[in-house]
Structures are given as C-alpha cells and as structure tokens.
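Colleague: Just need the structure, nothing else, for what follows:
(one chain, ligands or ions: 1)
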Amino acid sequence: MASTYKPEQARVPPAVQLPVPPVTKFKIALCQLSVTDDKERNIVHARKAIEEAAEKGAQLVLLPEIWNSPYSNDSFPVYAEDIDAGGDASPSTAMLSEAARTLQITIVGGSIPERSGDRLYNTCCVFGKDGKLKAKHRKIHLFDIDIPGKITFVESKTLTAGENPTIVDTGNDSKVACADVGRIGIGICYDIRFQELAMIYAARGAHLLCYPGAFNMTTGPLHWELLQRSRAADNQLYVATCSPARGSGAGYIAWGHSTLVGPFGEVLATTEHEETIIIAEIDYSQIELRRTNLPLQNQRRGDLYQLVDLQRLNSQINGNAENNSL
Ligand SMILES: NC(=O)CC(=O)C(=O)O
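Modeller: Numbering: from 1, shown residues only. Just a heads-up that it's a prediction; the model follows:
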C-alpha cells in the first residue's frame, strides 16, 4: 500500500520558527564551584566567580546544581530559602539579582533548595541584565535511584517535583523575542535524562539548553557527556552543563566535568573535576547551519509518531497567550 505520509505532518510537535537573536555570538561562563557547608562563604564565593566571569567577557553565566548547600537530604531543609519572599529570606537569589544588575549579564543561577510553604524544591532562577527574576525552574524529575553497592539517592524523601517545563527569552525588551543571549530551556541534572523535555524546548525555539547538574562517580563517567551530546545532536542546539567541583568531604561526590556542546553534538569546552571557570564562545548561526546540513525537523514522520506538548496545549485551550508564545 502506498504511504499516506505528507511532509507537512513531519514536525512533532509543530516547531516554531527559530527566533533570531540580535547577537548570535557571545561568551558563556560555566562556573564549576567548590561548595562547602558554610552558606555565607558559598554565596560570597559564587559572587566572586560571577564577577571574574564577567570580567573575562561572559554575557551569560551558568552556576552548578545546589551551589549554596551540601547536596544531601539532611541539608536541603536547613539551607532552603523562600525565593518568592526574597530579600533576607533568600540571600542567595538576592546576590544573583544584584550581580546580574551590577555586571549587566544574564545569570542562570544553578540551583538552590527552595522552601515554599511546607514544601521543598530544587530550584533554578534566571536573572536578566536588569536584575529581575525572569524564570524559576523547579526540578521536574527527582533523582531517585538505587544502584546497589554504588549509589542510592532518594531526593523525593525531602523534595517535591516541579510541575512545569521552563523556557525563557533572556532579553529585557518584550517586543524583541529572545534578545540578548537567546531563548533558553532549563532543566536540572536528572531532568537531562528525559529527552521529551529537550524536544519540547527545541520545538518551542530554544537555542540553548542549560542543565545545572551534579552527576556522581557511578553515572558520571558513563552518562554525563553522553546525555549532553545526545540532547544537543538530537535537537540540533547548544547544551551547557555546570557541576559543582568535586569535594574532598565524605558526602555526595560530584563528577564535575562541566561542558558546552554545540548543535552538531561536538564538545566545545569541558574540564575535569577541580574548581574552574570555563569561558567559551557560543555562535547561534551554527544552529541554522547544522539544521540545513541535516534537515531533521522536516524529515520527521509525524504520521508514525507524535510528541504532545501538554503545557502548550493547555495554555492554548485556556487562552493564555503569554505561555503560547513560548
Ligand atoms: N544528581 C542527579 O540529579 C542526577 C544524576 O546524578 C544522574 O542522573 O545520574
């Protein structure tokens, strides 16, 4: 029987036109920070690293997962901050806001434990150059794994999962889609394992996916780079990850290896496990180039499989125009 496939069915879900940012080239900094049990020190330390990154020309700075606290279920309730209350209730995000405004850069602020009512989340805040909070992503997929004799971690003992994918236009001018450093999809660590989230961000026109993450000594060597390159190659966009540096303490041991991957799946910059600041160039014109080389978006078989973006669908049904655009 002849195929009923039509090319116009190919996009899964229908992809938005890739927004054209006013700048296509800029520097990103991945601040692989050492983290201690002294929260005040961690905040001062992160502020210094952000300043150094900005001095080196970074217009976008990415911090690690859980950079103000040890990564443990015992620590999350103790170090958690009320981000919505702001000010003294959230010294970590107050610092990020001040740094973004003073240094005139965009900050994807890694993640910190967030307290909201009687719940705790693992939350990433994005601040624009004006110091305003542009987006807040709560880790959607909690890190509950059990590899006997190697690693068992159950984030859901203390944390609640977020409910929303988060994609953000980083510019300040609402009339210019995705000004400054482009349209960014956010995930936190374990979120990187779920390819549908990355596909949805790509379909909504993301140029870059940022994943603050703290992989471990078992999954890190096998999966950390593999997953980043897969998300980048499958979706033909940039992927940036930022880990804490490996600590010498007895707690959770982070793999490190913060990395930037390009839209051909190529590693553009990476490091080992020590504390460092990676500065690397992003050039969004490479996305169009690679999508022309391999026109995957037009070759999908929408007659055979479909991905449903439920958040976008629901916001269309509810007539929420703002969410519709992203
Ligand atoms: N720490 C995480 O959330 C994820 C991780 O270490 C893994 O997926 O492996």
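
Colleague: Quick one: list the elements packing against the top helix by length along the chain.
Modeller: Secondary structure of the chain per DSSP state H: the longest helix is helix 39-55. Counting contacts by 3 or more C-beta pairs under 8 Å, 6 or more residues apart in numbering; DSSP states H and E, helix 39-55 is packed against strand 25-32, strand 58-62, helix 91-103, strand 276-283. Placement of C-beta: from N, CA and C, glycine included.

Colleague: Pull up the pairing partners for the second one, direction included.
Modeller: I take that to be strand 58-62. Note on strand 58-62: by DSSP bridges, its sheet partners are strand 25-32 (parallel), strand 106-108 (parallel).

Colleague: who in the chain is up against the ligand?
Modeller: 143, 189-190, 193, 214-216, 219, 223 (C-beta under 6 Å from any ligand atom).

Colleague: From the ligand, how far out is Lys39?
Modeller: With distances taken as C-beta to the nearest ligand atom, to the nearest Å, Lys39 is found 20 Å from the ligand.

Colleague: Would you enumerate the residues in contact with whichever residue of the stretch 1-150 of the chain sits closest to the ligand?
Modeller: Residue of the stretch 1-150 of the chain nearest the ligand, by C-beta to the nearest ligand atom: Phe143 (3.3 Å). By C-beta atoms under 8 Å, 6 or more residues apart in numbering, Phe143 lies in contact with 153, 155, 189-190.

Colleague: same check, this time on Thr102
Modeller: Neighbour list for Thr102: Gly131 [criterion: C-beta under 8 Å, 6+ apart].

Colleague: Distance-wise, check it relative to Leu33.
Modeller: 19 Å (C-beta to C-beta, to the nearest Å).

Colleague: do the same with Asp303
Modeller: Asp303 sits 48 Å away from Leu33, taking C-beta to C-beta as the criterion.

Colleague: I'd like to know how many residues surround the closest residue to Met217 other than its chain neighbours.
Modeller: Residue nearest to Met217 in three dimensions, not counting chain neighbours: Ile253, with 5.2 Å by C-beta to C-beta, 6 or more residues apart in numbering. Ile253 has 19 neighbouring residues, counting by other C-beta atoms under 10 Å.

Colleague: coming back round to it: may I have the phi/psi pair for the residue of the stretch 1-150 of the chain closest to the ligand?
Modeller: phi -90, psi 90 (degrees, to the nearest 10).

Colleague: ok, it to Cys189 distance?
Modeller: The separation that Phe143 has from Cys189, given C-beta to C-beta, amounts to 6 Å.

Colleague: what do you get for Ala233?
Modeller: Following C-beta to C-beta, the distance that separates Ala233 from Cys189 is 20 Å.

Colleague: Also Ile112?
Modeller: For Ile112 relative to Cys189 (C-beta to C-beta), the value is 13 Å.

Colleague: Neighbour count for those two, which is higher?
Modeller: Higher neighbour count among Ile112 and Cys189: Ile112, with 30 against 26, using other C-beta under 10 Å.

Colleague: Retrieve the pLDDT associated with the residue sitting nearest the centre point of the chain.
Modeller: Ranked by distance to the mean C-alpha position of the chain (C-alpha atoms, centre = their mean), the top residue is Cys210 at 2.7 Å. Model confidence at Cys210, given as pLDDT, is 98.

Colleague: who wins for neighbours among the contacts of Phe143?
Modeller: With neighbours taken as other C-beta under 10 Å, the top of these is Cys189, carrying 26 neighbours.

Colleague: which residues does that residue contact?
Modeller: Cys189 neighbours (C-beta under 8 Å, 6+ apart): 65, 122, 139, 143, 211-215.

Colleague: Rebuild the residues you listed as TSV, extending it with secondary structure.
Modeller: Below are the contacts of Cys189 laid out as TSV (DSSP: H, G, I helix; E, B strand; the rest coil):
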residue	secondary structure
Glu65	coil
Asn122	strand
Lys139	coil
Phe143	coil
Tyr211	strand
Pro212	strand
Gly213	coil
Ala214	coil
Phe215	coil
